[in-house]
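[1] Let me see the structure of the following:
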Amino acid sequence: MKKLTTSIFALLLLTLPAVIQAQHGHHSGGESDFKAEFTELIESYLVLKDHLIESNSDEAFKTTYELSSLLEEIGKHRLEGNDHMAWMEVYDSIESQLEAISNSSDLDELRTHFRSLSEELAEAAQRFGVEGVVYVQSCPMALDNDGGSWLSREERIQNPYLPDTMLGCGEVIERIES
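    Numbers count the residues shown, from 1 in each chain. Have a look, this model is predicted:
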């Protein structure tokens, strides 16, 4: 009987990490699933960028809610080890920027928060990888000459900060591919 109890206890100890992982919203697919889900988040961000190029605030706000939902689906406690700690910080920052965008009163304010979101996503794409190629682009004259960067799938510049006056202003400053 003691041997059976010990065996059951050992089995429970072996399965406990999987149970805890499931309860905390982790996905069993690991880093490759994370990369695919993070890429989906980037794709939604790119839709937001396109709405800013069109100066379409209604659609930009709708896309912000979609981004928030995608971020929540990925989850905060998704990775392990050093990547886990790094992702938790990035997650909090992205969540904060999306909330600030949602609370923006106009396109100018939205674009200011979009700059911070873009910087966070660029750093995250460098660290965690993204499917395909993403270009980090920048315009020094964006946001009253404070400058601003953004991500794009194309090398061609389409400035989301100054679409009406300087759509082609900017340059590719980095290519992210993993």
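
[2] quick one: contacts for the closest residue to residue 157 other than its chain neighbours?
    Nearest residue to residue 157 in three dimensions, chain neighbours excluded: residue 170, at 4.4 Å (C-beta to C-beta, 6 or more residues apart in numbering). Using the backbone N, CA and C atoms, a C-beta is placed for each residue, glycine as well. With contacts defined as C-beta atoms under 8 Å, 6 or more residues apart in numbering, residue 170 is in contact with 137-139, 142, 157, 159.

[3] What is the strand or helix carrying residue 35 packed up against?
    In this structure, residue 35 sits in helix 31-53 according to DSSP states H and E. With contacts taken as 3 or more C-beta pairs under 8 Å, 6 or more residues apart in numbering; DSSP states H and E, helix 31-53 sits against helix 57-74, helix 107-128, strand 148-152.

[4] Please identify the deepest-packed of these.
    strand 148-152 (a mean of 23; mean count of other C-beta atoms under 10 Å).

[5] outside of the helix or strand following it, which residues touch it?
    Next along the chain after strand 148-152, taking DSSP H and E as the criterion, comes strand 171-177. The contact list for strand 171-177 (C-beta under 8 Å, 6+ apart) reads 122, 125-126, 130, 132-139, 149, 155, 157.

[6] of the residues you listed, closest to residue 34?
    residue 130 (10.8 Å; C-beta to C-beta).

[7] Spatially nearest residue to the closest one (excluding sequence neighbours)?
    Nearest non-adjacent residue to residue 130 (C-beta to C-beta, 6+ apart): residue 39, at 5.1 Å.
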